[in-house]
Each structure stands twice: as C-alpha cells, then as structure tokens.
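S.K.: sequence unavailable; structure follows:
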Ligand code: HEM
C-alpha cells in the first residue's frame, strides 16, 4: 500500500493549503498520474490537476513529487520506492487550485525571448534544412516540452520574479546554437543583464529536474561563454 | 490564487531540499561568504588599531589569546577554505570544466578543505595548544 | 532587456567576482603563511606589523589584498541582495549604499596604515 499525501487548495474554501492522504492498495504498474486519476475517479472527484498526453510529450503534468519536480506521467510509483508519496504543485508560481499553478509568468518570460527561428535570408521554397551534424549542437535543448519543471525548481525564480529562469535561457541557447538563426547578437543582448545569465548560481537544480535530461545549467554556462567570447573578440 | 514566492517561501522550501548536493554547495557558499564579510569588518577594525591605538591593540591581542577566540579563528579559517575551494569549483564550471561531475567535485574539494585545515592546525598547534 | 551600459556593468561585475576570487586564493595564502605560519611563535606585536608593512613588496601585496577582498565581499553582498529582490529601485539603492561603504572601508584602512607604510 502506498499513501499519497496530496496538496489541496481551493481558493473559494481555503485560506491555507491542506494535505490530504489517499491510500492506494496496489500500485503495480501505476504512474503517479495514474494514481492521481484513480484518486479523482474513486475517492475525491474535486481533485484538480493538469494532464493530457500521458507520454511525456505535452509537458502539462509536471508536479512536485517527494520534493522534486517531475512529470507525473513519466514517474512509476513503485520506482520511487517509498510507502509515502507527497504530491504538491510546482513551486514558485501561484496556485490556482490544488496541483494547478498559474503558468502566466512562465509563458511571459518564454515569449519575451523570441522563441522562434529568425532568419534574414530569403525564404526557401519548402523549409530551412539543417544538417544532422549542425543540429547536434542543440539536439538536447530542442527537446524541451515547456513543462516548467526546471524554471520552478530554481530558488532565484522564487524570489526574483523578473529573472528569465532556466527554461527561457535554454531556449535562447537553442537558437544561438542554431546555425540558421541570424539574430544571435540580439539574443545575447536579451540575456546579458541583471535578470539574465549573470543571476545563475549553478546549483544544478534545473538540470536535475528536467524530465528530458536537458542540461539546462550547461546551456546557461554556454550562453555566458558566448557573451564573453564576443565581448573580448570585438574589442581587438 | 495562493502565492508561492518571496523570501519566506524560499527559506521554507530550501529547508526541505537543501540536501541536493548543488543546493547544499550554494547555501554553504552563501553562508560562509556572508560570515567572511562580517569577519572582514572585525578584522580590519582590529588590525587598524595597531596603527591608530597601540595600547588598545595590545589589549585586543590579549583578548584573542582566549581559547574561545582561537576556536573562532579556526572556524573562520575552515569557512574561508570551504568558500575558496567551492569558489574554484564554481569558476571551473564557468570555464566549462566539470559540469557533469559537480557532485563528486564538491565532496573532493571539501576533503581538500578539511586536509588543509588540519595541516594549518598542526603548524599553529604549539602556539595555541601549548601556550 | 538591459541597456548596453547595464549589460557591460553586470558582465564586468560577474567577471571581476571570479577574478578577485582567484586573486584572493593567492593573496590570502601569502597573508596567512607570512603572518601566522612562517614563525607561529612570533607575537603579532605593533612593532612587527609596522616593520612588515614598510617593505615595498608587502605594501603592494597588502593593498592589493585589501582592494580585492573589499570588492569581492561587497559585490558578493550585492549579488545576495539582488537574488532576493527584483525591484530595480531597491537594487539601485542597495548598490549605492554598498559602493559608499566599500570605498569608505578601503579609504579608512589605507589611511589607518599610512603612518606604518611611510615608516
Ligand atoms: C579565497 C578565495 C575566494 C574565492 C575563490 C571566492 C570565490 C567566489 C565566487 C566564485 C563567488 C560567486 C558565487 C556565485 O556567483 O554563486 C563568490 C561569492 C561570494 N564571496 Fe567569495 N571567494 C573567495 C573569498 C572570499 C572572501 C575572503 C570573502 C569575504 C570577505 C568572500 C565573500 C563572498 C560573498 C559574500 C559572496 C556572495 C555569496 C553568494 O553569491 O552566494 N569570498 N566567491
């Protein structure tokens, strides 16, 4: 038997969050998302959480499981090896209801870094083809599913609401590393300030939280070195 | 909506997740850094007394012979070693070195800190221990 | 999006935090070895402090140490404060106070040791 201690907060009824325990007898083969759905159908239909694809692609079911940000759909209950599993909303962002947090700050910061390819060359007939070799440079960061597990794991994000955070910064690196992108200088200017790359303290929490195993900490370090390289080569 | 941000939230949340090596290293670095700043202030005050107020300085020196103060100094040296060695670790990451081995590097540097601390203690022991 | 001057400042402060840290390793090592370990029995008497500070090498090393450590310490505190507040006005106010304190502390320490350095 596994005891699920679930964070509950209803803005109409509660002033403070509550933790409610739900016991599930047989967790064999169950993911944490399966368990949440079981709780919702069999025990308490009022429980709110986000989910969609069930296959670690949509990025909507990230929650905090035993204190670590993970995708509920990608985490086997038995693999946690615990008889008590604490499920809480992602940290840092305001709670709308139970496990549902407000993603407005996340997408605000995401949009602010122009998260799309910008090319100054004439549009090709079909697509801008990238070679396998050149794509290797950003294979990992291109896997991002925008679940916010990294950004909400970062303590700087909790106290500095203007900090871009690892997801947006990794997105910038993804396009800086893309040989087809033509606005590298603008991109580096977006992150070279007091709310960008220099705020990171290399705690590795973001990289450890990423369900796609993107080394977001390394992406931020890569951006810093890119900024430094250009600053010092231009002066000569 | 229920706010999940601000300094109080940060402290409560870190108190639950500080055991992650990267987080631990950061917190230890921050706390030792701040302690060293306080120590720097006291140190500059004490040492300038040597020039500004010779007698006052000698009496402060007398105070520092107290075992309690000696212990305090030794703790500060440990703090400096931990901060400095983790500072090297962080700077290596900034140069693109060792990011994949951050946990092992933290513990390796801490072992060095302890070793250097004992070596230093061995040198000054005849003075602080034997009088 | 930071103005170019803000970009330059934040970048340089970050670089200098690491450079000063690296310099401090060397300078603090010299400081500790010379003052406490070369002859641990020697008392740190006023006269000795005075003689030590008069050598040109020591004068340079000590003032470098003082400058680097004060920069590193105060910029470090600034970083800590910046992490805990995003308000640009509060940040600017804290920076201003820290700059004044750092300059004062450096000037005070140099002034206090001036008689020693001059002999
Ligand atoms: C011995 C050599 C030293 C090295 C290699 C070193 C290195 C560093 C580095 C790399 C950082 C930046 C950390 C970050 O951005 O996360 C830092 C921060 C800091 N250092 Fe040092 N440091 C040294 C000595 C000192 C001393 C003597 C003091 C105090 C007088 C000091 C006070 C601080 C403070 C207050 C911070 C800010 C803490 C933070 O951001 O968490 N450091 N140090």
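M.R.: Done, it's in. What you see is a predicted model, and the numbers here were worked out from it, not measured in a lab.
S.K.: which residues of chain A lie near chain B?
M.R.: Residues of chain A found near chain B (CB under 8 Å from any CB of the partner chain) are A:9, A:11, A:17, A:67-68, A:89, A:91-96, A:101-102, A:155, A:158-159, A:161, A:201-205, A:208, A:215, A:217-218, A:221-222, A:224-225. Quick note: C-beta positions are derived from backbone N, CA and C, even for glycine.
S.K.: which secondary element of chain C has the worst mean pLDDT?
M.R.: In chain C, no helix or strand scores lower on mean pLDDT, DSSP states H and E than helix C:46-54, which sits at a mean of 67.
S.K.: what about the next helix or strand after that helix, near the ligand?
M.R.: For helix C:46-54, the succeeding helix or strand toward the C-terminus, using DSSP states H and E, is helix C:56-84. Yes - with CB under 6 Å from any ligand atom as the measure, helix C:56-84 is seen reaching the ligand through C:69, C:72, C:73, C:76, C:77, C:79, C:80.
S.K.: picking that back up, out of the residues of chain A next to chain B, which touch chain C?
M.R.: Near chain C, judged by CB under 8 Å from any CB, the entries from these are A:159, A:161, A:201, A:224.
S.K.: so what does the first one look like in phi/psi?
M.R.: Meaning residue A:159. phi -110, psi -20 (degrees, to the nearest 10).
S.K.: pull the contacting residues for it.
M.R.: The contact partners of residue A:159, by CB atoms under 8 Å, 6 or more residues apart in numbering or on different chains, come to B:5, B:6, B:7, B:10, C:83, C:84, C:85, C:86.
S.K.: please, a PyMOL command that selects the buried ones among these?
M.R.: Typed into PyMOL, the line below selects the buried ones among those, using 16 or more other CB atoms under 10 Å in any protein chain shown:
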select buried, (chain B and resi 5+10) or (chain C and resi 83+85+86)
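S.K.: ok, the contacts of residue A:159 vs the ligand, which is closest?
M.R.: residue C:83 (7.2 Å; CB to the nearest ligand atom).
S.K.: give me the distance between the closest residue to the closest one other than its chain neighbours and residue A:211.
M.R.: Among residues not flanking residue C:83 along the chain, residue A:156 sits closest, at 5.5 Å (CB to CB, 6 or more residues apart in numbering or on different chains). According to CB to CB, to the nearest Å, residue A:156 and residue A:211 sit 21 Å apart.
S.K.: how many neighbours does residue 69 have?
M.R.: Let's take chain A. Counted with other CB atoms under 10 Å in any protein chain shown, residues neighbouring residue A:69 total 25.
S.K.: actually, chain C is the one I wanted.
M.R.: Using other CB under 10 Å, residue C:69 has 23 neighbouring residues.
S.K.: in chain A, mark out all the strands, start to finish.
M.R.: Assigned by DSSP state E, the strands in chain A fall at A:2-8, A:18-24, A:62-65, A:68-71, A:84-88, A:95-97, A:100-101.
S.K.: now those strands in a markdown table, with mean pLDDT and distance to residue C:31?
M.R.: Shown next, in a markdown table, are these (pLDDT from 0 to 100; distance: least, CB to CB, whole Å):
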| stretch | mean pLDDT | distance to residue C:31 |
| --- | --- | --- |
| strand A:2-8 | 98 | 51 |
| strand A:18-24 | 97 | 52 |
| strand A:62-65 | 98 | 46 |
| strand A:68-71 | 97 | 42 |
| strand A:84-88 | 98 | 48 |
| strand A:95-97 | 97 | 51 |
| strand A:100-101 | 98 | 50 |
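S.K.: could you dump those to JSON lines with distance to residue A:148?
M.R.: Listed next are the strands of chain A as JSON lines, based on distance: least, CB to CB, whole Å:
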{"stretch": "strand A:2-8", "distance to residue A:148": "16"}
{"stretch": "strand A:18-24", "distance to residue A:148": "22"}
{"stretch": "strand A:62-65", "distance to residue A:148": "6"}
{"stretch": "strand A:68-71", "distance to residue A:148": "8"}
{"stretch": "strand A:84-88", "distance to residue A:148": "14"}
{"stretch": "strand A:95-97", "distance to residue A:148": "14"}
{"stretch": "strand A:100-101", "distance to residue A:148": "8"}
